[in-house]
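S.K.: take a look and give me a structure for this.
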Amino acid sequence: ACVREEAELRYRQLTQEYQALQRAYALLTETSGGSFDAEKEIKTREQLLAEISRYQSRISDLELALKQQGLVTHTHAHTHTQRKETGYVRSVFCFV
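M.R.: Next up is the predicted model:
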């Protein structure tokens, strides 16, 4: 549970940082006449999505390890999907 919470916290931090970067970029393009680096934007987004995927994979691995060790006796994973303003789709797994 601790690892899942840490991953969710990191996800929220990354999302906030990304949104702050988007706002700063929009302000910069307004004031500088607007040179847009689409390749850089795509690379940044892909890096963030890859990091999110790694965290979700790690959470799944840890949940499985806990289950195998008998530390989690009853697991019923619910998937909640949320779409953030950034367009990301986020899955959160909860134990019941």
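
S.K.: tell me how far the closest residue in space to residue 41 that isn't next to it in sequence lies from residue 45.
M.R.: Nearest residue to residue 41, sequence neighbours excluded (Cβ to Cβ, 6 or more residues apart in numbering): residue 25, at 8.0 Å. Using the backbone N, CA and C atoms, a C-beta is placed for each residue, glycine as well. According to Cβ to Cβ, to the nearest Å, residue 25 stands 12 Å off from residue 45.

S.K.: okay, now the unreliable bits of this protein?
M.R.: The chain contains residues with pLDDT under 70 at 1, 32-36, 72-96.

S.K.: the strands in it, which residues?
M.R.: Under the criterion DSSP state E, the chain contains strands at 78-83, 89-94.

S.K.: what's near enough to touch residue 3?
M.R.: Going by Cβ atoms under 8 Å, 6 or more residues apart in numbering, residue 3 touches 58-59, 62.

S.K.: what about it, distance to residue 64?
M.R.: Shown here: residue 3 relative to residue 64, a distance of 12 Å by Cβ to Cβ.

S.K.: what is in contact with these two at once?
M.R.: Taking Cβ under 8 Å, 6+ apart as the contact rule, residue 3 and residue 64 have no neighbour in common.
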